[in-house]
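In: A structural model of the following input is requested.
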Amino acid sequence: MAQYALKHTPLHPHHPLIATRLLREPTILAQLLPHPNLVSVNESIRTAGHFYLVEENLRDSVTLEHLVANSPDGVLAPALAWSVLEQLASVVRSLHVPLRVCHRDIKVPSASRVCVLS
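Out: Presented below is the predicted three-dimensional model:
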């Protein structure tokens, strides 16, 4: 039985540009080819003031946050850090090359969703 995760984002009416960008996300994701390090989105839902993405559940995957938390002193070994960086670069390339999308919000919480190591 498939399990899903729900990503909730409030739509702030006083920030129409942010709301517009958020609402473009499912359209862009629908155009992407499957990628082993990118969470698949199954559906998007918009309600008054809220936006939801129904995504694949990553419960059995290892996230970047988990790797860092379980590394000595919270620092990844160079080989593991390089592997994570390569995976993240591959995801960014999969967005940029076919669709010319530039991800402007790459940070640990974002990477922990897309840079999943199986």
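
In: tell me, how many residues neighbour L22?
Out: 18 (other Cβ atoms under 10 Å). Using the backbone N, CA and C atoms, a C-beta is placed for each residue, glycine as well.

In: repeat that for P72.
Out: By other Cβ under 10 Å, neighbour count at P72 equals 7.

In: same thing with the one 10 residues further on?
Out: Burial of W82 is recorded as 11 neighbouring residues (other Cβ under 10 Å).

In: check which helix or strand covers it.
Out: helix 78-99 (DSSP states H and E).

In: list the helices and strands that helix packs on?
Out: helix 16-31, helix 64-69, helix 108-114 (3 or more Cβ pairs under 8 Å, 6 or more residues apart in numbering; DSSP states H and E).

In: after the first one, next one along is what?
Out: Going back to what we said before, that points to helix 16-31. Next helix or strand after helix 16-31 toward the C-terminus (DSSP H and E): strand 41-47.

In: format the CA atom coordinates belonging to that next one as CSV.
Out: Presented in CSV, the C-alpha positions along strand 41-47 are these (Å, rounded to 0.1, in the frame of the first residue of the first chain):
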residue,chain,number,x,y,z
VAL,A,41,4.8,14.7,-6.3
ASN,A,42,1.5,12.9,-6.8
GLU,A,43,-1.0,15.8,-6.5
SER,A,44,-1.4,19.4,-5.5
ILE,A,45,-4.3,20.9,-3.6
ARG,A,46,-5.1,24.6,-3.1
THR,A,47,-7.6,25.9,-0.6
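
In: average pLDDT for stretch 72-79?
Out: In this model, stretch 72-79 carries a mean pLDDT of 91.

In: name the residues of that stretch that come out as buried.
Out: For stretch 72-79, the neighbour count (16 or more other Cβ atoms under 10 Å) marks L76 as buried.

In: neighbours of L53, how many?
Out: Neighbours around L53, by other Cβ under 10 Å: 20.

In: same question, L6
Out: Neighbour tally, L6, other Cβ under 10 Å: 11.
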